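Asks: Quick one, fold the following:
(chains A, B and C)
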Amino acid sequence: MTIRMQKEVKEMEDWSVGVMVKKQNTEHQTLNIKNMNHAFTLPNSGHNFDAKASKMGMWLFLYTELLLFGGLFLVYMVYRSMYPDEFLLASFNLDVWMGTLNTVILLTSSMTIAMSITALQKGNKKLSIQLMWITIAAALGFLIIKYFEWGAKFEHGLFPGMDHFGTLPTGERLYFYLYFFMTGLHGLHVIIGAIFIVFVIFGVKKGTVTPERYSLLENSGLYWHLVDLIWIYLFPLFYLIH
Amino acid sequence: MTSETLAHTSFFKAKSGIMSWLFTLDHKRIGIMYLYGIVAFFLVGATLGLLMRYELLNPGKDFIEPHTYNQIFTLHGVIMIFLFIIPSIPAVFGNFFLPLLLGTDDVAFPKLNLISFWLYVLGAFFALATLVFGDGPADTGWTFYAPYSVKTGTNVSMSVLAAFILGFSSILTGLNFIVTIHRLRTPGMGFNQMPLFVWSLYATSWIQLLATPVIGITLLMIIAERAFGIGLFDPSIGGDPILYQHMFWIYSHPAVYIMALPAMGIVSEILPTFSQRTIFGYKAIAYSSMAIAFIGYFVWGHHMFTSGMSGPAAYIFSILTFLVAIPTSIKVFNWVSTLYKGSIVIEVPLLFMLAFIFNFLIGGLTGLALGALAADVHLHDTYFVVGHFHYVMFGGTGFAFFGALHYWFPKIWGRMYNKTRAYIAFTILFIGFNMLYFPMLILGIQGMPRRYYDYLPEFTSLNQISTVGSWITVTGLVMMIVNLMVSANNGKRASNNPWNGITLEWQTKSPPPLHNFDEMPKIPERGPYDYPDAKRG
Amino acid sequence: MENKNEHITSYKEHFSTYAALILLTFMTVFISVFGADLRTLSVATAMLIATTKATAVAYYFMHMKYEPKIYKVMLATVIILFAFFMMMITIDYLTR
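Replies: Take a look at the predicted model:
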């Protein structure tokens, strides 16, 4: 193998993001570097970019997230049916209007990320990026409100281990276990989703996410909608028990 | 080197250096790395098993404290289930052969594949690290039942974290395979022209994808309870330990189908080749895989009959458990019919498949006995259960794994294993295996409980037979592994298709080149096992 | 295979979906805050509205309406599975 071939083959197997970009760009020529070393390429090669595969992969991952949170909803269902009155009492510690505001914020952000896909499909990169930034701003807003909500609970000693918590009846304690676990896990997903979108913004700016090739943006949107979906169920179950 | 010569370079030689392996995107190299890991952890798990059997040679303490014994059987379970059986066939043979069987050159997401492997390594690290830190490995049993798992001082959190990470690896592999099967089949290969091993991987991947998150969240809840006092399963504050069992088994029952389905897929691959005729009832076998995967989600309660679950729920689970046996038996009938009037060649891969059918029959039928509510009341948590699941997991999946190793050995390494030694090793292993586990079925019926390091004197002779069986089993295993390892380096060079197989992997070189195929693979006309003078049907 | 000739959802369609979602949100809040004492019905109503919202998000924002049938089959399977888990666990707790 010549030195040049060795280098190119090595680059194909290289892990870094920089080479991923290079690979994406050279693939436009329907010739990937491996092919330069042998005469034959399979039409159904696993190394070609496939938007449909990409989308299917994302949806499959979303199903795992649905079942992950689904498990928690099952636990919620059992304990609420066992302690309906205490769940109601405990829910009075939450501010319905803060929750409603957060719901509106997330719904808005779902719209903006969906619109950013439309924008990119129509070739309007600038608008697409702006809409993505709005989505991220909404995510931040959500997290800030969450921060204040949790803070208020800590102030009232409502976290496991704190004084007031130990005095609560069983059902109320179970409510708060689920509240912190589920909104905490959800908040983590908000952060991950926002970071994902930041990466997409860089992709659009760099030219690796284009009107012809926007799977990354679409997938980040799908993930974001999932985050919204989970909140759509969390909100009534914790804030609107009455 | 000209481009011509490079086309004949095997994937082993295409690039050199350890970095080219650790950071490879080639599905075949990833499959080989999984193989080394899996065999290594299998031997660790087997050693723990040997230790247990040695302790059980006589009643009373032989050489282990009771607490240590609990840790040993826990770690044995965690390693064997999460580090060996669940990944085994999909991660090794799925990774290596799925693209070849489909006539493509890699999986849909090669980088994700590498991530899956590294998660496996990370999970293995944490599982074994429990030996080193704090109060040692968990002593809860691999099932980590609450509330004990929440209260014990041993390294439950680390074990559970290991299982969580390994679960993630499993999910990503399943995801990769589903998309690969949907998007990368060679032109002309519809779903009903795919080899049956591919069908079994498809069904398995759906289970990996959808069931694993449930145990993921359950284990996270255990960690949360231990770390933050978020007491969701703690009865002293109103939590329900049975809820833990529900959540745990919602995954862990489908998990056994993750273990069984690929193994059955292997049987469906090997039998046609060594009967030199087409499989009997292709569609029945393909769809029964999907049926097992589907129904398998609905039977988890049969692990909980004596837990305090309600009667009506128990009845429903028992009926559904009997239902899932139907698609399984359909497969067995079809396999036997495939052999009938075939041109049988008694090679070691076929022997492993025949042993599979024998072992899985015993394992499956004892499973039905356990599925019957009235019988289960007496048999739950006895050695009958231990015998049952070892028959299906080890005698079933384990033997299928070894059979596949022999079957595809010439394709992977381009050499043939020493056949005489392979026959001998198989025979020793088969005899040892049955000697090790059959007595357990009797012991269970007689009432010997499981997970006890001691037993009543009347159980002694059967325990001793079982322990001697464990020594014979290990002898067979070591012989087999050494034979394969030596033959991989020094065996006689094998042709591209020593068994006269028809599926696509036999059309390329042994070992395959990096990009799998040097020319367009040809699909057989009448189906994936279209042997030239085969009678239809 | 690149993203070409795929259906483009208009800004107007997205906004209409959003408007419906906001409407449903305020509906569910008002029923809860100002509504009569619904007791057990309150969970059912809230879940019904939440599911309507979720369907709108999946169908329109997530483009499910325009995806090939296989996606709908897969999603339906996941939902059926989860429904079964809920059903069996409910049966257990209800009949203990």
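
Asks: can you give me the helices in chain A?
Replies: For chain A, helices defined by DSSP state H occupy the ranges A:3-12, A:17-27, A:51-82, A:84-91, A:96-121, A:125-155, A:163-167, A:170-206, A:215-239.

Asks: Least reliable of those helices by average pLDDT, please.
Replies: Of all the helices of chain A, the minimum mean pLDDT falls on helix A:17-27 (a mean of 37).

Asks: residues in contact with stretch B:391-399?
Replies: B:80, B:85, B:88-89, B:256, B:259-260, B:262-263, B:352, B:355-356, B:358-360, B:362-364, B:366-367, B:433, B:437 (Cβ atoms under 8 Å, 6 or more residues apart in numbering or on different chains). For the C-beta atoms, the positions are set from N, CA and C on the backbone; glycine is no exception.

Asks: what's the answer for stretch A:192-199, then?
Replies: Residues outside stretch A:192-199 that contact it (Cβ under 8 Å, 6+ apart): A:113, A:132, A:135-136, A:139-140, A:216, A:220, A:223-224, A:227.

Asks: Tell me how far that stretch lies from the chain's centre.
Replies: Distance, stretch centre to chain centre, for stretch A:192-199: 7 Å (Cα atoms, centre = their mean, to the nearest Å).

Asks: can you pull the buried residues of that stretch?
Replies: A:193-194, A:196-197 (16 or more other Cβ atoms under 10 Å in any protein chain shown).

Asks: mind saving the C-alpha coords of that stretch as CSV?
Replies: Output of stretch A:192-199 as CSV, limited to C-alpha atoms (Å, rounded to 0.1, in the frame of the first residue of the first chain):
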residue,chain,number,x,y,z
ILE,A,192,-29.3,17.4,26.4
GLY,A,193,-31.9,18.5,23.8
ALA,A,194,-30.7,22.1,24.0
ILE,A,195,-27.0,21.1,23.6
PHE,A,196,-28.0,19.0,20.6
ILE,A,197,-29.6,22.0,18.9
VAL,A,198,-26.5,24.1,19.6
PHE,A,199,-24.5,21.5,17.7
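
Asks: measure the residue nearest in space to the middle of chain A to chain B for me?
Replies: By Cα atoms, centre = their mean, the mean C-alpha position of chain A lies nearest to A:Gly193, the distance being 3.1 Å. According to Cβ to the nearest Cβ, to the nearest Å, A:Gly193 and chain B sit 17 Å apart.

Asks: quick one: contacts for residue 57?
Replies: Here I'm looking at chain A. A:Gly57 touches B:108-109, B:112, B:175-176, B:179, counting by Cβ under 8 Å, 6+ apart.

Asks: wrong chain, I was asking about chain C
Replies: Going by Cβ under 8 Å, 6+ apart, C:Val57 touches A:110, A:225, A:228-229, A:232, C:17, C:21.

Asks: go on, C:Val29?
Replies: Each residue near C:Val29 by Cβ under 8 Å, 6+ apart is listed here: A:96, A:100, A:240.

Asks: Which one of those residues is nearest to chain B?
Replies: A:Leu240 (22.3 Å; Cβ to the nearest Cβ).

Asks: I figured that closest one hits C:Phe34, correct?
Replies: No - counting by Cβ atoms under 8 Å, A:Leu240 stays clear of C:Phe34, with 11.6 Å between them.

Asks: More neighbours: the two, which one.
Replies: Neighbour totals were compared for A:Leu240 and C:Phe34, and A:Leu240 leads with 24 against 7 (other Cβ atoms under 10 Å in any protein chain shown).

Asks: Tell me how many other residues crowd the closest residue to B:His76 other than its chain neighbours.
Replies: Of all residues not flanking B:His76 in the chain, B:Leu48 sits nearest, at 4.0 Å (Cβ to Cβ, 6 or more residues apart in numbering or on different chains). Residue crowding around B:Leu48 was assessed by other Cβ under 10 Å; the count is 21.

Asks: Can you mark which positions in stretch B:158-178 are buried?
Replies: Here stretch B:158-178 shows B:158-178 as buried, counting by 16+ other Cβ under 10 Å.

Asks: Give me the domain ranges for chain A.
Replies: With domains defined by automatic domain parsing, chain A comprises A:1-48, A:51-239.

Asks: near chain A at all, the lowest-mean-pLDDT helix or strand in chain C?
Replies: Of all helical and strand segments in chain C, the minimum by mean pLDDT, DSSP states H and E falls on helix C:40-56, at a mean of 91. Yes - against chain A, helix C:40-56 shows contacts by Cβ under 8 Å from any Cβ of the partner chain at C:42-43, C:46-47, C:49-50, C:53-54.

Asks: could I get those residues as JSON lines with distance to A:Gly207 and neighbour count?
Replies: Output for the residues of helix C:40-56 next to chain A, formatted as JSON lines (distance: Cβ to Cβ, whole Å; neighbours: other Cβ atoms under 10 Å in any protein chain shown):
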{"residue": "C:Ser42", "distance to A:Gly207": "52", "neighbour count": "19"}
{"residue": "C:Val43", "distance to A:Gly207": "50", "neighbour count": "18"}
{"residue": "C:Ala46", "distance to A:Gly207": "46", "neighbour count": "23"}
{"residue": "C:Met47", "distance to A:Gly207": "45", "neighbour count": "15"}
{"residue": "C:Ile49", "distance to A:Gly207": "43", "neighbour count": "20"}
{"residue": "C:Ala50", "distance to A:Gly207": "40", "neighbour count": "22"}
{"residue": "C:Lys53", "distance to A:Gly207": "36", "neighbour count": "27"}
{"residue": "C:Ala54", "distance to A:Gly207": "35", "neighbour count": "18"}
